[in-house]
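Chemist: coords please:
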Amino acid sequence: MFPSQTTLKNKFFIPSVAADKPAPTGVDLYSRFAFAGAVCCAVTHGAMTPVDVVKTRMQLDPERYNQGMIASFRKVVAQEGAGALLTGVGPTFAGYFLQGAFKFGGYEFWKKTFIDQIGVEKASENRTAIYLGAAAIAEFFADVALCPLEATRIRLVSQPDFATGLVSGFSRLLREEGVMRGFYSGFGPILFKQVPYTMAKFVVYERAAEQILRSIKTPKDQLSPSTMTLVNLSSGIIAGTAAAIISQPADTLLSKINKQKGGEGQSVTSRLISMAGQLGTKGLFVGLGPRIVMVASLTAGQFAIYGDIKRVLGATGGVEIAKVET
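Modeler: Residues are numbered from 1 along each chain as shown. Here you go, the predicted structure:
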């Protein structure tokens, strides 16, 4: 009785709002990248707070938490209640929301900047260097935003009676220790941890995705959204594992240096050298198992969520320089 949808589409032109809308560019495009990065980092790091709490306890008190991740989970719950596993969730969410915006948005911006400087063909031939450089610069600015909230989180986890949450902990740390000693005493180790971590994370992700897409032998723009999500998840797991191993020593030092105040006149560098000497190689890698679980999981989740949000927002204007033969 009524014409089918196929008949209507064949005989009549139906305007599409999405088709008529120009693709985002410039600030609009990079703000979408930044928002997608902020959400993916905040959600994944927030969800992994219980694992991070246990990992931090294992690093700060290895004599007490020395029977593995599962046993340490049980010990924290038995002694402090299940709510202790969410210690620091406020600064974690807020800090990584800011960090994710700078990290992912900055990575896309600097990658495009380098490509524009040397041209797509040359950039493709030197894509590993492009990935590493863009990631390093983006992470530097991301850490400036993250460091005060990360210092607050670690103080809350290491000293549960320090404050009741994000606002009170942030305010007390600022009031008692000031900006540099309170918030940025760990800036050196956080750079030492996060910059290599992010460089490994992005370059391994890009290379892993390139290999996976090459094995699929279907053009990327013809793959279904679900297939691309699986590609992002798989590449993220590989990238997260590599990044966790590379950044583990600095992660341990960061936890240690934010646990307590430094001595009068003692520089951050001297504190780091002293701590590293006391811990030794074995001590620097305490908690690596749970950290691999945490970082591989959240990295996979980040790239999957990031890709999906970019697609929903229409933020698909990034330059592709991977060589994927189909």
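Chemist: okay, now residue 22: neighbour count?
Modeler: Around residue 22 there are 7 other residues, counting by other CB atoms under 10 Å. Every residue, glycine included, has its C-beta placed from N, CA and C.
Chemist: Give the helix, strand or coil label for it.
Modeler: coil (DSSP: H, G, I helix; E, B strand; the rest coil).
Chemist: Quickly note the distance from it to residue 314.
Modeler: 10 Å (CB to CB, to the nearest Å).
Chemist: Which residues are in contact with each of the two?
Modeler: Counting by CB atoms under 8 Å, 6 or more residues apart in numbering, residue 22 and residue 314 have no contacts in common.
Chemist: Next, the contact list for residue 287, please.
Modeler: With contacts defined as CB under 8 Å, 6+ apart, the neighbours of residue 287 are 55, 56, 58, 59, 248, 252.
Chemist: try residue 269
Modeler: Contacts of residue 269 (CB under 8 Å, 6+ apart): residue 188.
Chemist: swap in residue 240?
Modeler: Counting by CB under 8 Å, 6+ apart, residue 240 makes contact with 201, 292, 295, 296, 297, 298, 299, 300.
Chemist: number of nearby residues for the nearest residue to the second one once chain neighbours are set aside?
Modeler: Across the structure, with CB to CB, 6 or more residues apart in numbering as the measure, the residue nearest residue 292 apart from its sequence neighbours is residue 244 (4.6 Å). Counted with other CB under 10 Å, residues neighbouring residue 244 total 24.
Chemist: could you give me the average pLDDT of the host helix or strand of residue 244?
Modeler: Of the helices and strands defined by DSSP states H and E, residue 244 is found in helix 225-257. The predicted model assigns helix 225-257 a mean pLDDT of 88.
Chemist: model confidence over the next helix or strand along the chain from that helix, on average?
Modeler: Per DSSP H and E, the first helix or strand lying C-terminal to helix 225-257 is helix 268-284. Averaged across helix 268-284, pLDDT comes to 78.
Chemist: Let me know the angle separating helix 268-284 from helix 225-257.
Modeler: 110 degrees (axes from the mean of the first three to the mean of the last three CA atoms, to 10 degrees).
Chemist: Report the buried residues of helix 268-284.
Modeler: Within helix 268-284, the residues scored as buried using 16 or more other CB atoms under 10 Å are 268, 271, 272, 275, 276, 279, 283, 284.
Chemist: Make JSON lines from these and add distance to residue 82 to it.
Modeler: Listed next are those as JSON lines, based on distance: CB to CB, whole Å:
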{"residue": "268", "distance to residue 82": "35"}
{"residue": "271", "distance to residue 82": "34"}
{"residue": "272", "distance to residue 82": "34"}
{"residue": "275", "distance to residue 82": "31"}
{"residue": "276", "distance to residue 82": "34"}
{"residue": "279", "distance to residue 82": "30"}
{"residue": "283", "distance to residue 82": "29"}
{"residue": "284", "distance to residue 82": "30"}
